[in-house]
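Colleague: sharing a sequence plus its predicted fold:
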Amino acid sequence: QVQLVESGGGLVQAGGSLRLSCAVSGYTFSSNAMGWFRQPPGKEREFVAAIKWRGSSADYSDFAKGRFTISRDNAKNTLYLQMNSLQVEDTAVYYCAARTHLLISWDSRDYPYWGRGTQVTVSS
């Protein structure tokens with residue numbers, strides 16, 4: 001059974017940083033692309049970042065470029081999202097997601113496995 005468990009969310013002031021983690025089990029972590037999505041209050045879920053199976057290639061949404069860094073540790077079956085210079089607009093539930101394919105995708109429909117999410121709240 002595939003399980004994805006996010007952690008590291010919380011309340012932070014604008015300009016601060018958080019590091020999200022996603023622990024994965026029951027899944028061939030090292031062979032597949034993984035991603036982070038988020039859902040702000042009252043809005044649709046949106047793509048944040050994704051990383052290829054080897055970690056050699058990553059892609060970011062425009063709002064994440066230069067501030068967020070996605071990484072993975074295949075030995076620990078863990079995905080990370082380092083978020084710096086957080087803004088109030090980054091407030092959302094952040095979800096970890098896993099593909100059954102080695103290539104990156106921005107489309108949430110390409111990710112069959114999801115965590116339950118972790119809340120990130122940025123105060124002004």
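Modeller: Cool, the structure landed.

Colleague: my guess is Q1 contacts G26, does it?
Modeller: Yes: shown here, Q1 and G26 form a contact pair, counting by C-beta atoms under 8 Å, at 4.9 Å. Backbone N, C-alpha and C define where each C-beta goes, glycine included.

Colleague: so those two - more neighbours on which side?
Modeller: G26 (11 against 5; other C-beta atoms under 10 Å).

Colleague: wait, that one sits on L4?
Modeller: No: in this structure, G26 is not within contact of L4 by C-beta under 8 Å, at 9.3 Å.

Colleague: who touches both of these two?
Modeller: By C-beta atoms under 8 Å, 6 or more residues apart in numbering, G26 and L4 have no common neighbours.

Colleague: which stretches in the protein count as strands?
Modeller: 3-7, 10-13, 18-25, 34-39, 46-51, 58-60, 68-73, 78-83, 92-98, 113-114, 118-123 (DSSP state E).

Colleague: distance of S124 relative to T118?
Modeller: The gap separating S124 from T118 is 21 Å, by C-beta to C-beta, to the nearest Å.
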